[in-house]
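Visitor: With the input below, show me the fold.
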Amino acid sequence: MRDLTIGMSHARKAKTVGLRFGRAAAGFLLWTASAAHAAGTATELRIQGPGQAPQLFFACCDKGMAAAQKLLGDPAVIAQLKALHAGLAVALPSFDPQHAALVRALNAAGIPVIAGIQVPEDGPYVNAGDIPQTRAAVAAFESWTAQNGLRWQAVGLDIEPNFAELGRLRQHPWQLTRLLLSRYFDRGRVMRARAAYAELIRQLQQRGFEVQTDQLPLIVAERTEHSTVLERLLGIVDVRGNLEALMLYTSYAPKDVGAGIIAALGPGAQAIAVGSTEGPRGIALDWNEFSRDVLVAAHFTRTVGVYNLEGCVQQGFLPRLEAMDWKQTVVIPAGELEKARRREALACALVWLGTWLPAIMAVFALAGLLWWGRGRRARHEPA
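Guide: Residues are numbered from 1 along each chain as shown. Take a look at the predicted model:
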């Protein structure tokens, strides 16, 4: 009787898993079919500018203190920022008197400033692997702010993978594989990271700071599929503050995608960051690309971030932004829009596959065992 009860329990569990997997698979197939149809029937998209300049925030000052002092010590740059009513997201690799003086000067000029919290081991971003370091950096930031009487528009948390770690491990494929496998099955790490960063954000808000989180566009596919697979593998953290900015940098996307990625993901974004305006030829956006991206982003959100101020100054973008017609229309070709939608569909498909991979492997393994058992019984049955 006990064996029968256990067998029925296992059968019920198997049925439940099978039904869940079947519903997920059916939903996935229907979703990919509709996405493919939508992508295949894309037409050009005409996007109207907002009619007025958005709230612009330029990231800056991640090239060292000497470069930052030279950049922000230029009266023409400060005057142009004030004319644009723009703010700055200032990278803070350390909390020293030089950075305090820099921020005080911006406060005196009436320029809104976002504090870009950095962890020395990771650089400008934070993630699931540096929670203690981020806590320490935030505590040091609060103390330094109080001691120097600094004013902030918000505290910025740029959430990205530890690219330095992943880059090092690329030279050692077995170590990288072992790391990713251990992370794949460690769901607790995701929950601990979410709870830790949510608490850190809550504490900052209770102390009077607004918090802005910057996220990679991959987070959209993760949320669409209700998954944590990318959080587990890459160490990113799905957590929000007062405002979330999606980093939709077309400079790193294929040229045949262009602003299609902003049009595809913009409707769901609270804020959008565009870029990059600095880098080697072929990477940095030129004026036509940059103005297109800013206009498209401003169509969807009131707050637009720009990476970075240094590139905008070098290319003379600030005066051109002052004179820009914010009512003009941007035309996104059908091909760009279609490719952007296909890339997003592919991202969702890969996240879905990564989420259900153990179940898929279990189904195939079970099918293989059943086939092998059936063949074995057939060979031993009397003729």
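Visitor: From residue 303, how far out is residue 244?
Guide: As judged by CB to CB, to the nearest Å, residue 244 and residue 303 stand 10 Å apart. No exception for glycine: its C-beta is placed from N, CA and C like everyone else's.
Visitor: any common contacting residues for these two?
Guide: Any residue near both residue 244 and residue 303 by CB atoms under 8 Å, 6 or more residues apart in numbering counts here, and that gives 270-271.
Visitor: now the helices for the stretch 51-200 of the chain?
Guide: Per DSSP state H, counting those that start in this stretch, the stretch 51-200 of the chain carries helices over the ranges 65-72, 75-83, 97-109, 131-148, 163-169, 173-184, 187-206.
Visitor: Mind exporting the C-alpha coordinates of the second one to CSV?
Guide: Meaning helix 75-83. Below are the C-alpha coordinates for helix 75-83, written out as CSV (Å, rounded to 0.1, in the frame of the first residue of the first chain):
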residue,chain,number,x,y,z
PRO,A,75,33.1,78.2,-18.0
ALA,A,76,31.7,77.6,-21.5
VAL,A,77,30.8,74.0,-20.6
ILE,A,78,29.0,75.1,-17.4
ALA,A,79,27.2,77.9,-19.3
GLN,A,80,26.0,75.4,-21.9
LEU,A,81,24.8,72.9,-19.3
LYS,A,82,22.9,75.7,-17.6
ALA,A,83,21.3,76.8,-20.9
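Visitor: Quick one: distance of that helix to the chain centre.
Guide: Centre-to-centre, helix 75-83 and its host chain are 30 Å apart (CA atoms, centre = their mean, to the nearest Å).
Visitor: Residue 105 and residue 71 touch, don't they?
Guide: No. The criterion here is CB atoms under 8 Å, and residue 105 misses it with residue 71 at 11.9 Å.
Visitor: quick one, which of these two is more surrounded?
Guide: residue 71 (19 against 14; other CB atoms under 10 Å).
Visitor: for the more buried one, what are its contacts?
Guide: Counted by CB under 8 Å, 6+ apart, residue 71 has contacts 60-61, 77, 309-310, 313.
Visitor: any idea how far residue 201 is from it?
Guide: For residue 71, the distance to residue 201 - CB to CB - is 30 Å.
Visitor: Tell me who's in contact with residue 214.
Guide: With contact set as CB under 8 Å, 6+ apart, residue 214 has these partners: 156-160, 244-245, 247, 273, 305.
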